[in-house]
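Colleague: pasting the sequence and the predicted coordinates here, then a few questions.
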Amino acid sequence: MSRLTFAATLLLVTSSASIAQQASFAANDTGPAPDAIFESKDAAVLSAGLTPLAKSSLKKGEREVRIWYSGFGNPQYLVIIRQTGANVSGRLVLYWDQYYESSPKNADTRVDNFVRKNYDCGAITKRDSHFGEDSWISSTCEAALKGSPDWKAFLAEVEAHALPQSTAADEQSDDPNWGITIERRSGTIYGASHYRTALTFGAPEPGRGPKLQDMVNALAATAKRGPVVAQH
């Protein structure tokens, strides 16, 4: 089913939560993941002025981890963590798709308005994107985070609970973009892991889902201006 057709049914922009199965990271998971998983993800990083991690070059001793959390609602979350020696830094990028049938000028702007109203983030950048029969505007903005996130804790959780590419698929969704995708690059070595999550409405319940999912939601919450209810 076309993502354009399915996207027409997505009218809510609530945060998503799920119960998901955890699994151990496979050391030989070198990917790449199926193209469909990176359909909108690669468009998002290009919109943000970055390079897809699978095509990036890092110096010896440098490391980058990208944690993608996509669910039933917008915006989606991309956590980017960079490590050089003992120095670890990170950022959160919000991203979303806005589909159109005939012209980019006809792309829906309701999510733009929702993000500006509910999240403290920088300027919104846009890119006209295409994949197969779908055409959409890929939009991103970098979140202004409150406090000092523990990026080393994120890295530790990735090591503890990264998910092999071929496991834990929840069949409630036939869209491979939903769920958590973890990309890792150390020098010339690249790996990607993906699994789907069950879809629910509203904020995550305490203790539900893997710890990494809770951590991403908690990080995104520090960029919110107020309670997220629904799109208007």
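Modeller: Arrived safely.

Colleague: A helix includes A153, no?
Modeller: Yes: looking at A153 with DSSP: H, G, I helix; E, B strand; the rest coil, it is inside a helix.

Colleague: enumerate every residue touching it.
Modeller: Contacts for A153 (CB atoms under 8 Å, 6 or more residues apart in numbering) come out as M215. The C-beta positions use only the backbone N, C-alpha and C, and glycine is treated the same way.

Colleague: mind checking how far it is from V216?
Modeller: The gap separating A153 from V216 is 12 Å, by CB to CB, to the nearest Å.

Colleague: now do S186
Modeller: Counting by CB to CB, the gap between S186 and V216 amounts to 21 Å.

Colleague: of these two, who's got more company?
Modeller: The residue with more neighbours, out of S186 and V216, is V216; 23 against 15, by other CB atoms under 10 Å.

Colleague: show me what the strand or helix carrying N113 is packed up against.
Modeller: Per DSSP states H and E: N113 is located in helix 110-118. Using 3 or more CB pairs under 8 Å, 6 or more residues apart in numbering; DSSP states H and E as the contact test, the elements touching helix 110-118 are strand 87-99, strand 134-142.

Colleague: hmm, try it at 7 Å
Modeller: Helices and strands touching helix 110-118, by 3 or more CB pairs under 7 Å, 6 or more residues apart in numbering; DSSP states H and E, are strand 87-99.

Colleague: who are the packing partners of the strand it packs on?
Modeller: In terms of contacts (3+ CB pairs under 7 Å, 6+ apart), strand 87-99 is packed against helix 3-7, strand 76-84, helix 110-118, strand 134-142, helix 151-161.

Colleague: sounds good, over and out.
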